[in-house]
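Undergrad: sequence-free structure coming up:
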C-alpha cells in the first residue's frame, strides 16, 4: 500500500507513520547471479549452488548489498511524494544485516517515517525500511534512508 503525499510539506508532522507492506519478491538464483556479475562478488556462498548445499546455510544466499539495494525498490512502493522540483537520495544513516536471505526466499519492505524537517530550502525525511523474510523471526536488513525534496521553483 502506497502512502501518497501531495507535496513534500505534507510530510511534516508524520513522524511515526507506518508504511507498507510491499508485495513479496522472490529472490531466485538468477537475481543473485546477476548481482554477482555486476558487482564482481562471486563468492561461492552466493553463486555455487552445489558447494553451498554443504555450507553454513544449506543453500546459496543473497549478497547483503543485494538485499540493501532492494530498499530502492521497496521505498517507492510504500511512499510517493508529489509536486516537487527534484528529489535527492542523501544516503543512509544506519544499516544492519540481521539474517541471511536464502535463495528462494520471499522478501518485502515495511517502513516507518522517523523524522521530517525543513532543511536548506527543502524537506528532508528519514524513513526506516525493514526488509522482512517471509516466515523468518528476524528481518534481513534494516536501513534508515535519507531523502530530500526541493520545492517547485
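TA: It's in. These numbers were taken from a predicted model, which means no experiment stands behind them.
Undergrad: C-alpha only now, for contacts and for neighbours.
TA: Noted.
Undergrad: Only the buried residues of the helix of greatest length in the chain, if you could.
TA: Assignment by DSSP state H gives helix 29-39 as the longest helix of the chain. Buried residues in helix 29-39, defined by neighbour count with 16 or more other CA atoms under 10 Å: 29, 32-33, 35-36.
Undergrad: now swap in stretch 81-101 and tell me
TA: 81, 84, 87, 97, 100-101.
Undergrad: What of stretch 56-70?
TA: Buried-residue list, stretch 56-70, by 16+ other CA under 10 Å: 59-64, 66-68, 70.
Undergrad: Do me a favour and get the backbone dihedrals for the spatially most central residue of the chain.
TA: Nearest to the geometric centre of the chain sits residue 71, at 1.5 Å (CA atoms, centre = their mean). Main-chain torsions, residue 71, degrees, to the nearest 10: phi -60, psi -40.
Undergrad: Now do the contacts for it.
TA: Applying CA atoms under 8 Å, 6 or more residues apart in numbering, we find residue 71 in contact with 109, 129, 131, 143.
Undergrad: Can I get those residues in JSON lines including pLDDT and secondary structure?
TA: Below are the contacts of residue 71 laid out as JSON lines (pLDDT from 0 to 100; DSSP: H, G, I helix; E, B strand; the rest coil):
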{"residue": "109", "pLDDT": "98", "secondary structure": "strand"}
{"residue": "129", "pLDDT": "98", "secondary structure": "strand"}
{"residue": "131", "pLDDT": "98", "secondary structure": "strand"}
{"residue": "143", "pLDDT": "98", "secondary structure": "strand"}
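Undergrad: So what's the residue count around residue 107?
TA: Residue 107 has 23 neighbours, counted by other CA atoms under 10 Å.
Undergrad: Against residue 42, how distant is it?
TA: Going from residue 107 to residue 42 by CA to CA, to the nearest Å gives 22 Å.
Undergrad: Going along the chain, name the strands of the protein.
TA: 3-5, 18-19, 25-26, 79-81, 86-97, 106-119, 122-133, 141-150 (DSSP state E).
Undergrad: Measure how far the third one is from the centre of its chain, please.
TA: Between the mean C-alpha point of strand 25-26 and the mean C-alpha point of its chain there is a distance of 13 Å (CA atoms, centre = their mean, to the nearest Å).
Undergrad: Strand partners (parallel or antiparallel) of it?
TA: Here strand 25-26 is paired, per DSSP bridges, with strand 106-119 (antiparallel).
Undergrad: Likewise for the fourth one?
TA: Its sheet considered, strand 79-81 pairs with strand 3-5 (parallel) by DSSP bridges.
Undergrad: Fine by me, we can end here.
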